[in-house]
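> the following comprises the amino acid sequence and a computationally predicted model.
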Amino acid sequence: MKEVRIEEGGHLGPIDSSLTPRYAGPATFARLPRLDQVSHADVAVVGIPFDSGVSYRPGARFGANHVRESSRLLRPYNPAQDYSPFAAAQVADAGDMSVNPFNINEALEAIEDNALGLTEGGTSLLTLGGDHTVALPLLRAAKQRAGEPLAFLHFDAHLDTWDTYFGAEYTHGTPFRRAVEEGLLDTDAISHVGTRGPLYGKKDLEDDRRFGFGIVTSSDVYYQGVKEIVAKLLDRIGDRPLYVSVDIDVLDPAHAPGTGTPEAGGITSRELLEIIRGLRGTNLVGADVVEVAPAYDHAEMTGVAASHVAYDLVTLLAERASNDDDAAAAPERR
Ligand SMILES: N=C(N)NCCCC(=O)O
Ligand SMILES: [Zn+2]
Ligand SMILES: [Zn+2]
């Protein structure tokens, strides 16, 4: 059937939900055009159906499509950031990467190659997981594109800096130890946010501190509040290239039950969204939202939360792309 899309700012936007009901047709993120329907994307949303790195409940391989389905109600204007991301920049859905579920090393290589391919023409990526293993090859690609180690904000109940599981180095509990070992991160500017829950031992925290991570626990968010925390994070990040990884289990299981390793005592979706919005003006180069496992979701609660988190991250990426365009165009205008 014919698609009527909103066109604003010279960019092809979402299907117009006042003409085609928002529940009709196949899902793309926010009903945006597919990448093959536009000549160039400033920001691409891409899925990674991969969960071969999980230590507990499987199912995050279905996460990206669940988030797309749960994103049909997103609208083009983001009042919380006073910004229209799909008018400011061309945003498109690049579909899913094709990755080997039976060979983790091969999958990691494919993810890195795909991320490098998609970002070749200056496109920035918002990735929908998949389990947290996928963040490692995404960081490898983002570091290569940035040409320097990255500032890193990691929203998660878990540290994900453990060493190995059953002898395996590449799992969803280990990506950020590997990232530090590989020199992908600027260890003066890396923080976990929302950390909580039982650990294997005190050494987990000692190792994590040695790698350079700062920790804002879920309780810190409660006691200090969003404003104070955002100020501290911004101070640490400065103007470095920043990568943001959001494990949806950073939210309390009451806000996001659909995930593989839930921990009680998490932050709310309002707190998470507000912290992300506080990153406006940073040099955000890429982001992911991972660990959505729809089999444990109810009424799309987790999917809706993840889609809104992705929307605010896309807003930040679109704003940065639009500022870059303005800077590039500035000499001609003079
Ligand atoms: N990255 C996520 N979601 N979870 C890691 C949990 C690792 C563990 O089973 O101890
Ligand atoms: Zn986690
Ligand atoms: Zn994680």
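Noted; the coordinates are in hand. Ligands and ions are numbered 1, 2, ... in the order given.
> how many neighbours does the residue of the stretch 151-300 of the chain found nearest ligand 1 have?
When scored by Cβ to the nearest ligand atom, the stretch 151-300 of the chain has residue 173 as its residue closest to ligand 1, at 3.2 Å. All C-beta atoms are positioned from the backbone trio N, CA, C, and that covers glycine. Per other Cβ atoms under 10 Å, the neighbour tally for residue 173 reads 23.
> any residues of the stretch 101-250 of the chain in contact with ligand 1? List them.
By Cβ under 6 Å from any ligand atom, the residues of the stretch 101-250 of the chain that approach ligand 1 are 132, 158, 160, 172-173, 247, 249.
> from the residues you listed, which ones fall inside helices?
With helices taken from DSSP state H, there is no overlap with these.
> widest-spaced pair of those residues?
173 and 249 (11.8 Å; Cβ to Cβ).
> which neighbours do these two have in common?
residue 158 (Cβ atoms under 8 Å, 6 or more residues apart in numbering).
> contacting residues around residue 221?
By Cβ under 8 Å, 6+ apart, the contact set of residue 221 is 193-194, 229, 267, 271, 275.
> from the residues you listed, which is closest to ligand 3?
Of all these, ligand 3 sits closest to residue 194, with 10.2 Å by Cβ to the ion.
> separation between the closest residue to that closest one other than its chain neighbours and residue 259?
Nearest residue to residue 194, sequence neighbours excluded (Cβ to Cβ, 6 or more residues apart in numbering): residue 250, at 3.8 Å. Going from residue 250 to residue 259 by Cβ to Cβ, to the nearest Å gives 10 Å.
> quick revisit: from memory the residue nearest to residue 194 sits against residue 159, does it?
No. Residue 250 is not in contact with residue 159 according to Cβ atoms under 8 Å; the separation is 12.0 Å.
> more neighbours: those two, which one.
Looking at residue 250 and residue 159 with other Cβ under 10 Å, you find the greater number of neighbours at residue 250, namely 31 against 22.
> any idea of the pLDDT on the more buried one?
Looking at residue 250, its pLDDT stands at 99.
> tell me the centre residue of this protein?
residue 288 (1.9 Å; Cα atoms, centre = their mean).
> that's a strand at that residue, yeah?
Yes. Judged by DSSP: H, G, I helix; E, B strand; the rest coil, residue 288 forms part of a strand.
> now it. Nearest residue, chain neighbours left out?
residue 127 (4.0 Å).
> over to residue 112?
Of all residues not flanking residue 112 in the chain, residue 137 sits nearest, at 3.9 Å (Cβ to Cβ, 6+ apart).
> before we move on, what about residue 78?
Per Cβ to Cβ, 6+ apart, closest to residue 78 is residue 315, 4.9 Å.
> report the contact partners of the one you found.
The contact partners of residue 315, taken as Cβ under 8 Å, 6+ apart, are 78, 81, 83, 85.
> which residue, other than its chain neighbours, is closest to the last one?
Going back to what we said before, that points to residue 85. residue 318 (3.7 Å).
> what residue in the stretch 1-150 of the chain comes nearest to ligand 3?
Closest point on the stretch 1-150 of the chain to ligand 3, by Cβ to the ion, is residue 132, at 3.6 Å.
> what residues does the stretch 201-334 of the chain put near ligand 2?
Taking Cβ under 5 Å from the ion as the test, the list of the stretch 201-334 of the chain residues beside ligand 2 reads 247, 249.
> okay, buried residues for stretch 257-265 please.
For stretch 257-265, burial by neighbour count (16 or more other Cβ atoms under 10 Å) applies to 257-263.
> before we move on, what about stretch 38-45?
38, 41-45.
> looking at this, the residue nearest to residue 288 is in a strand?
Yes. Assigned with three-state DSSP, residue 127 falls within a strand.
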